[in-house]
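S.K.: pasted the sequence and its predicted model underneath.
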Amino acid sequence: MLVSPAEPAPLRALGFSSPIPETMGLDFAWPTVTGWVGVQRKTVDDLVGSVRDGRLARELGQIAAAGVRIAELVVEGTPDWLSNGVMLRYPTMTRAGWWGLLRSVQLGGVLVTHTASQTETVLELAAFSHWATRDVHRSLISRPGPVGAWGTPSSREWLVHFMQGFPMIGPGLAESIVDWFIEREGRLPIGWTVSEEELLAVPGLGPKRVKGLLAALMVQGSSAPSAGNGSGTASSTTSARKRRSSG
């Protein structure tokens, strides 16, 4: 990590002192395989002052011009507000103005994080460095794994949850679909329509994961589709439909 020489000693100790970050509108910067990542640190007083003297606008422009891949503004400290909603020492800065300022920074493509003290900033920089150097971030789209019967065809609640992933299917209609088929056929007619070998052909899927995928939708007493017959489940569903139509 490259650190601006103007930073306090505890923060300079995080990396190597260098003027390079300041040329990009940053206080801390480090290269990654996909581009530069950096942080601009400001105390509350410094942030308000930088808005007044134009430094913040210049620094945001430098960040954009340098093509920084991920940039973050760390606001260190907590504003002191008077009962009339204006900031102590800065009577022209209202709460709405403060929130609007932070939103504008984020709208410009710079993340905003708050820390309570310089000590916490040190911790935040270490955590941000670890997070920002990762190539992908999937925590928000990751789902928890099944617990107990949840995630298996034997769980009515999971089947209702599963059905709501289809267009125009809410919880009430999902329950009707699940109960209709369970009452008449003992199961919801869903399952894999490909063989184990076909799943193994997917990059990143190994034997253990494939067996887990097949088991997740496998009904007790049935078997997974075999090689050369990738429609085992589909055939059973078709047969069920024929039985209903003939009845």
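M.R.: That came through fine.

S.K.: give me the buried positions along the helix or strand hosting residue 61.
M.R.: According to DSSP states H and E, residue 61 maps onto helix 55-65. For helix 55-65, the neighbour count (16 or more other Cβ atoms under 10 Å) marks 55-56, 59-60, 62-63 as buried. C-beta here means a position set from N, CA and C on the backbone, and glycine is covered the same way.

S.K.: for that helix, what is the average pLDDT?
M.R.: The average pLDDT within helix 55-65 is 95.

S.K.: paired strands for the next helix or strand after it, with orientation please.
M.R.: Next along the chain after helix 55-65, taking DSSP H and E as the criterion, comes strand 70-76. Strand pairing for strand 70-76, using DSSP bridges, gives strand 35-43 (parallel), strand 110-115 (parallel).

S.K.: nearest to residue 93 among those would be which one?
M.R.: Proximity to residue 93, assessed across the strands paired with strand 70-76 by Cβ to Cβ, is greatest for strand 35-43 (13.9 Å).

S.K.: output the contacting helices and strands for the helix holding residue 61.
M.R.: Counting by 3 or more Cβ pairs under 8 Å, 6 or more residues apart in numbering; DSSP states H and E, the packing neighbours recorded for helix 55-65 are strand 35-43, helix 44-53.

S.K.: deepest in the core, which of these is it.
M.R.: strand 35-43 (a mean of 22; mean count of other Cβ atoms under 10 Å).

S.K.: what comes into contact with that strand?
M.R.: Under the contact criterion Cβ atoms under 8 Å, 6 or more residues apart in numbering, strand 35-43 has outside partners 7, 11, 21, 24-31, 50, 56, 59, 63, 66-77, 110, 121, 125, 128-129, 132-133.

S.K.: the strands in this protein, which residues?
M.R.: For the chain, the strands identified by DSSP state E occupy 2-3, 16-17, 28-32, 35-43, 70-76, 86-87, 90-94, 110-115, in order along the chain.

S.K.: what about the ones you listed, which gets the closest to residue 206?
M.R.: Distances from residue 206 to each of the strands of the chain were compared by Cβ to Cβ, and the smallest falls on strand 28-32, at 29.0 Å.

S.K.: show me where the protein dips below the pLDDT cut-off.
M.R.: Low-confidence segments of the chain (pLDDT under 70): 135, 137-154, 217-247.

S.K.: break it down into its structural domains.
M.R.: What automatic domain parsing lists as the domains of the chain is 2-136, 156-235.

S.K.: and these, which is most packed in?
M.R.: Burial among those, expressed as mean neighbours by mean count of other Cβ under 10 Å, is greatest for domain 2-136, which shows a mean of 16.
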